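Trainee: Build the 3D model from these lines:
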Amino acid sequence: MVADLVLQFLEKLDLLEWEYQVFSIEKKERLEKVAPDIAYLRVVPVVINGIGEEEVLLDSRSQIVSITRKVAMANKMTWDPNLSIQMQSANGSLSRMSGLSRNVLFTLGRVTLLLQVHILEDAPYTVLLGWPFDSITDSQIINN
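Mentor: Sure, this is the predicted structure:
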């Protein structure tokens, strides 16, 4: 089980300060580009809560694990709306998350994980496994 970075940060704040926090993912500019950003897209099949299989997007550049509300509801997830954060996406737009679902069961083959998942209303993906997934699995990507 991996703790959520955002939740760890928020626990150190007074409740009145939560509303004014904006989280962003810094995109560092590289001097050279060898492939378009689409080359970063990787997907894997995952069973969520032992209920439904979803094709999830792996993105180690994201600081959180997130899922759309529709998929969360289909997989019988519950979440705490009081742990709602505002995120800035790579394109600069701001959106408020619906809340945080704790200890969600993710199964990849024989590997079972409990992840802290941020719920969002809508996204161009259904589930995004960010850096917390990479951290707990010590995953590596090898391109040949």
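
Trainee: Beyond the helix or strand bottoming out on mean pLDDT in the chain, next helix or strand please.
Mentor: Lowest by mean pLDDT, DSSP states H and E among the helices and strands of the chain is strand 22-24, with a mean of 55. For strand 22-24, the following helix or strand on the C-terminal side (DSSP states H and E) is strand 42-48.

Trainee: Starting from that following strand, tell me which strands it pairs with and how they run.
Mentor: strand 52-58 (antiparallel), strand 99-108 (antiparallel) (DSSP bridges).

Trainee: Serialize these to a markdown table and add fields for mean neighbour count.
Mentor: All C-beta spots, glycine's among them, are computed from the backbone N, C-alpha and C. What follows is those, written out as a markdown table (neighbours: other CB atoms under 10 Å):
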| stretch | mean neighbour count |
| --- | --- |
| strand 52-58 | 17 |
| strand 99-108 | 18 |
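
Trainee: Let me have those in TSV, adding distance to Gln8 as columns.
Mentor: TSV is the format used below for these (distance: least, CB to CB, whole Å):
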stretch	distance to Gln8
strand 52-58	22
strand 99-108	12
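
Trainee: Of those, which is nearest Lys70?
Mentor: Set against Lys70 and scored by CB to CB, the strands paired with strand 42-48 come closest in strand 52-58, at 10.9 Å.

Trainee: Does Ala72 belong to a helix, a strand or coil?
Mentor: Classification of Ala72 into helix, strand or coil gives helix, according to DSSP: H, G, I helix; E, B strand; the rest coil.

Trainee: Once you drop chain neighbours, what's closest to it?
Mentor: Leaving out its chain neighbours, the residue that sits closest to Ala72 by CB to CB, 6 or more residues apart in numbering is Ile119, at 5.2 Å.
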